[in-house]
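The sequence and its predicted three-dimensional model are supplied below.
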Amino acid sequence: MKEQNQTIATYYQFQSGIYDLTRWSFLFGRKRIVRELPFQREALITILEVGCGTGYNLAQLARHYPNARLQGMDLSADMLQIAKRNTRRFGNRVELIQAPYGQSPLSYRPDVILFSYALTMINPQWKDLLDRAGEDLADGGIIAVADFHDSRHDWFRNHMGNHHVRIDGHLLPILSDRFKPLLAEVKPAYFGVWDYLVFVGARG
């Protein structure tokens with residue numbers, strides 16, 4: 001696990017500089033996942049994003065839920081430096097932490113845990129993180145996932161594997177088994193080169 005954490009952190013030393021300029025073109029479902037959370041806009045909720053990257057989702061969530069308290073966790077100091085700039089306008093409503101999820105207790109039990117294009121990069125520990133999320137969520141809490149799902153093309157799977165991404169439909173069955181699905185959709189991207197998933201589930 002420690003070796004994988006270092007690999008991911010090193011990978012994003014370069015990627016952090018181009019992340020927001022490039023990822024909008026293929027990280028689909030991120031805006032949708034914010035809209036699909038089953039809370040009123042004025043709700044006093046706590047949200048944790050695991051693998052928050054440059055803070056794109058945190059900023060979206062902070063705007064959508066003006067009374068929410070948010071925490072972003074990531075391995076990459078380079079990504080968090082950008083996230084700090086991107087969320088500065090929200091003051092102390094957004095807290096950023098450089099740490100691997102699951103290796104230390106949280107200071108509170110979040111109402112929402114969001115994984116956005118993070119789980120497919122965490123191999124083989126992604127199941128452990130879902131188990132931990134189920135334990136960490138508050139009663140009635142929500143898990144939200146936007147991520148790659150699958151591809152029928154071996155060349156694309158190999159390409160994504162070179163970027164530390166597993167894409168073989170492995171997430172959705174486990175998500176649906178461990179959480180009560182409120183939304184579970186698979187959508188095609190780029191004329192079916194790959195599919196992505198949007199999942200919102202309730203803690204059992």
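Thanks, I have the structure now. Numbering: from 1, shown residues only.

how about the helices of this structure, start to end?
Ranges of helices in the chain, per DSSP state H, are 2-22, 30-35, 56-64, 77-87, 126-136, 154-161, 171-178.

Run the angle between the fifth one and helix 171-178 for me.
Put simply, helix 126-136 runs at 30 degrees to helix 171-178, going by axes from the mean of the first three to the mean of the last three CA atoms, to 10 degrees.

Next up, the contacts around Arg85.
For Arg85, the contact set (CB atoms under 8 Å, 6 or more residues apart in numbering) comprises Gly55. (Each C-beta comes from the backbone N, C-alpha and C, glycine too.)

Looking at the helices of the chain, spot the one closest to Leu106.
Minimum separation from Leu106 across the helices of the chain (CB to CB) falls at helix 126-136, 5.7 Å.

What is that closest one packed up against?
Secondary-structure packing of helix 126-136 (3 or more CB pairs under 8 Å, 6 or more residues apart in numbering; DSSP states H and E): strand 46-50, strand 112-116, strand 142-150, helix 171-178.

one step back: of all the helices of the chain, which gets the most neighbours per residue?
helix 56-64 (a mean of 20; mean count of other CB atoms under 10 Å).

The helices of the chain into CSV, with extra columns for distance to Asp195 and mean pLDDT?
Output for these, formatted as CSV (distance: least, CB to CB, whole Å; pLDDT from 0 to 100):
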stretch, distance to Asp195, mean pLDDT
helix 2-22, 20, 48
helix 30-35, 14, 94
helix 56-64, 20, 97
helix 77-87, 26, 94
helix 126-136, 18, 96
helix 154-161, 11, 94
helix 171-178, 10, 97
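
Could you give me the buried positions within stretch 85-96?
Residues of stretch 85-96 classed as buried by neighbour count (16 or more other CB atoms under 10 Å): Asn86, Thr87, Phe90, Arg93, Val94, Leu96.

and it, how far out from the chain's middle?
With CA atoms, centre = their mean, to the nearest Å as the basis, stretch 85-96 stands 18 Å off its chain's centre.

Check the separation of the first and last residues in that stretch.
Stretch 85-96 has an end-to-end distance of 11 Å (CA to CA, to the nearest Å).

picking up where we left off before, dump the helices of the chain to CSV, plus distance to Phe148.
Listed next are these as CSV, based on distance: least, CB to CB, whole Å:
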stretch, distance to Phe148
helix 2-22, 15
helix 30-35, 12
helix 56-64, 16
helix 77-87, 19
helix 126-136, 12
helix 154-161, 7
helix 171-178, 8
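
who wins for proximity to Val145 among those?
Nearest of the helices of the chain to Val145, taken as CB to CB: helix 171-178 at 6.2 Å.

can you give me the angle the closest one makes with strand 142-150?
Using the same axes, to 10 degrees: helix 171-178 against strand 142-150 is 150 degrees.

Only alpha carbons, please: show helix 171-178 as PDB.
Output of helix 171-178 as PDB, limited to C-alpha atoms (Å, rounded to 0.1, in the frame of the first residue of the first chain):
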ATOM      1  CA  LEU A 171     -16.800  -1.400  -9.100                       C
ATOM      2  CA  LEU A 172     -20.500  -1.500  -9.700                       C
ATOM      3  CA  PRO A 173     -21.300  -5.000  -8.500                       C
ATOM      4  CA  ILE A 174     -19.600  -4.400  -5.200                       C
ATOM      5  CA  LEU A 175     -21.100  -0.900  -4.700                       C
ATOM      6  CA  SER A 176     -24.600  -2.300  -5.400                       C
ATOM      7  CA  ASP A 177     -24.000  -5.100  -2.900                       C
ATOM      8  CA  ARG A 178     -22.600  -3.100  -0.100                       C
END
